[in-house]
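Peer 1: Following is a predicted model, sequence given first.
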Amino acid sequence: MTEIVSKNASVVPTGKSGFSLLKMIGADRTLTLLLTAAQVLTGVSANSLIVTVNAIGLIKWRKIATLDLLLSCLAISRIFLQLYIVFFLMIIFSGKEFIIPATIVIILFTNELGLWFATWLSVFYCTKIASIPHWLFLWLKMRISRLVPWLIVGSLFHSAITSAIYSQYAWAISRGILFNFLLKNATQINEKETYVMPIFFIASLTLPFLIFLTAVVLLIFFLVKHSLRMRMMAGAGSPGQSAHRSAVLSILSFLVLHFSHYMVAISFCTQKYQIGSLSFLLCMLVAVVYPSIHSIILIFVNPKLKQNAKALLLGLCKGCQ
């Protein structure tokens with residue numbers, strides 16, 4: 001690699017070969033890839049199961065329910081996100097920096113798209129389950145099924161626009177990643193470029209997160225209130241009470257996972273981590289945990305999806321015997 005010169009920084013040598021870098025970070029590279037690969041394998045399997053079950057239903061019935069359409073879009077975006085995260089790790093470990101800019105843009109696109117789909121899924125659940133005596137909520141409750149396809153198209157359009165803006169800073173960000181991840185004691189390059197993009201990135205992710213947070217909080221308050229009402233009427237050991245507790249715990253897990261992923265995405269955008277550090281390993285693990293664990297929970301809390309997934313797995317096991 002040649003020397004990279006910044007307008008406001010000194011010349012930083014980048015003459016170490018990819019082989020010497022791999023020798024220097026070999027153990028951490030192996031640990032990171034193993035942890036990431038395990039989560040990616042789990043996530044891709046779970047999301048592929050969701051897509052397969054819904055695709056079979058579409059072929060069989062020649063139509064797809066609104067919830068199934070939303071789940072399928074979310075699962076597809078997560079499959080691409082996780083595969084590109086692995087591809088990205090392979091690139092930065094190999095030192096082939098010329099591929100990084102395009103990969104960064106694709107990861108940002110699929111990540112933002114997945115967050116929007118998860119947000120609309122939470123809004124869909126909230127409007128279908130909760131009952132809030134407000135005209136705006138009632139209006140949304142009546143029209144959410146018809147709005148979902150338009151929300152999906154709007155999410156694609158919004159993510160494409162933001163990705164086009166990201167592409168203007170992709171090379172600067174890729175240089176920052178190489179410097180901060182691969183080279184120790186490196187001088188930060190082009191401070192203007194490295195601060196403009198994170199601010200825009202944080203702003204673009206904050207809107208879906210706030211919508212997600214609002215929907216989840218409303219749904220939790222409704223379920224807790226409804227659970228207390230049912231407890232007074234039927235007693236603490238009723239089946240309805242157990243179902244409501246499970247629903248609240250599932251939604252809380254969604255909130256924790258979504259918030260963790262949101263914070264890690266913002267944290268990575270600041271480019272402050274050295275590869276091989278404990279912070280890098282933990283953040284990389286959290287980045288791939290959310291699209292994996294969240295999808296598994298979605299399978300278990302959806303009776304139709306759970307039943308069809310179980311039947312599909314049993315059929316595959318019988319076919320392998």
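Peer 2: On my side now, so go ahead.
Peer 1: Phi and psi next, for the nearest residue to residue 43 once chain neighbours are set aside.
Peer 2: Closest residue to residue 43 apart from its sequence neighbours, by CB to CB, 6 or more residues apart in numbering: residue 292 at 3.2 Å. No exception for glycine: its C-beta is placed from N, CA and C like everyone else's. As for residue 292, its main-chain torsions (degrees, to the nearest 10) stand at phi -90, psi -60.
Peer 1: One more: residue 65?
Peer 2: phi -70, psi 160.
Peer 1: Tell me, how many residues neighbour it?
Peer 2: 15 (other CB atoms under 10 Å).
Peer 1: got it, and residue 78?
Peer 2: When neighbours are defined as other CB under 10 Å, residue 78 has 29 of them.
Peer 1: same for the strand or helix carrying it, what does it pack against?
Peer 2: Assessed by DSSP states H and E, residue 78 sits inside helix 66-94. Using 3 or more CB pairs under 8 Å, 6 or more residues apart in numbering; DSSP states H and E, the elements in contact with helix 66-94 are helix 18-24, helix 26-61, helix 100-129, helix 135-167, helix 278-301.
Peer 1: hmm, back to that, list the contacts of the residue nearest to residue 43.
Peer 2: Contacts here follow CB atoms under 8 Å, 6 or more residues apart in numbering; on that basis residue 292 touches 39, 40, 42, 43, 46, 82.
Peer 1: in the chain, which segments are predicted with low confidence?
Peer 2: For the chain, applying pLDDT under 70 flags the ranges 1-33, 92-100, 170-198, 234-247, 269-281, 319-321.
Peer 1: Which neighbouring elements make contact with the longest helix anywhere in it?
Peer 2: When the chain is parsed with DSSP state H, its longest helix is helix 191-234. Counting contacts by 3+ CB pairs under 8 Å, 6+ apart, helix 191-234 packs against helix 100-129, helix 135-167, helix 170-177, helix 239-269.
Peer 1: Between helix 135-167 and it, find me the angle.
Peer 2: 150 degrees (axes from the mean of the first three to the mean of the last three CA atoms, to 10 degrees).
Peer 1: In contact with the closest residue to residue 213 other than its chain neighbours, which residues?
Peer 2: In space, and not counting its chain neighbours, residue 213 is closest to residue 255: 7.4 Å by CB to CB, 6+ apart. Residue 255 is in contact with 213, 216, 220, counting by CB under 8 Å, 6+ apart.
Peer 1: What distance do you get for the second one to residue 51?
Peer 2: When you say that, I think you mean residue 216. According to CB to CB, to the nearest Å, residue 216 and residue 51 sit 24 Å apart.
Peer 1: So for the two, which residue has more residues nearby?
Peer 2: Between residue 216 and residue 51, counted using other CB under 10 Å, residue 216 has the larger neighbour count: 21 against 18.
Peer 1: my guess is the more buried one meets residue 253, correct?
Peer 2: No: under the criterion of CB atoms under 8 Å, residue 216 makes no contact with residue 253, lying 10.6 Å away.
Peer 1: Could you measure from the nearest residue to residue 219 once chain neighbours are set aside over to residue 67?
Peer 2: Excluding its sequence neighbours, the residue lying closest to residue 219 (CB to CB, 6+ apart) is residue 126, at 4.4 Å. Going from residue 126 to residue 67 by CB to CB gives 13 Å.
Peer 1: More neighbours: which of these two?
Peer 2: residue 126 (24 against 18).
Peer 1: Now do that one against residue 257, distance only.
Peer 2: On the measure of CB to CB, residue 126 and residue 257 end up 17 Å apart.
Peer 1: Save the helices and strands packed on helix 66-94 as JSON lines, and put in distance to residue 248 too.
Peer 2: Below are these laid out as JSON lines (distance: least, CB to CB, whole Å):
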{"stretch": "helix 18-24", "distance to residue 248": "47"}
{"stretch": "helix 26-61", "distance to residue 248": "22"}
{"stretch": "helix 100-129", "distance to residue 248": "11"}
{"stretch": "helix 135-167", "distance to residue 248": "19"}
{"stretch": "helix 278-301", "distance to residue 248": "11"}
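Peer 1: Nearest to residue 90 among those would be which one?
Peer 2: helix 26-61 (8.0 Å; CB to CB).
Peer 1: Buried ones in that closest one, by neighbour count?
Peer 2: 28-29, 32-33, 35-36, 39-40, 42-44, 46-47, 49-54, 57 (16 or more other CB atoms under 10 Å).
Peer 1: still on that earlier bit, report the separation between the residue nearest to residue 213 and residue 297.
Peer 2: 12 Å.
Peer 1: who touches the closest residue to residue 88 other than its chain neighbours in this structure?
Peer 2: The shortest distance from residue 88 to any non-neighbouring residue, by CB to CB, 6+ apart, is to residue 103 (5.1 Å). Residues in contact with residue 103, defined by CB under 8 Å, 6+ apart, are 84, 87, 88, 91.
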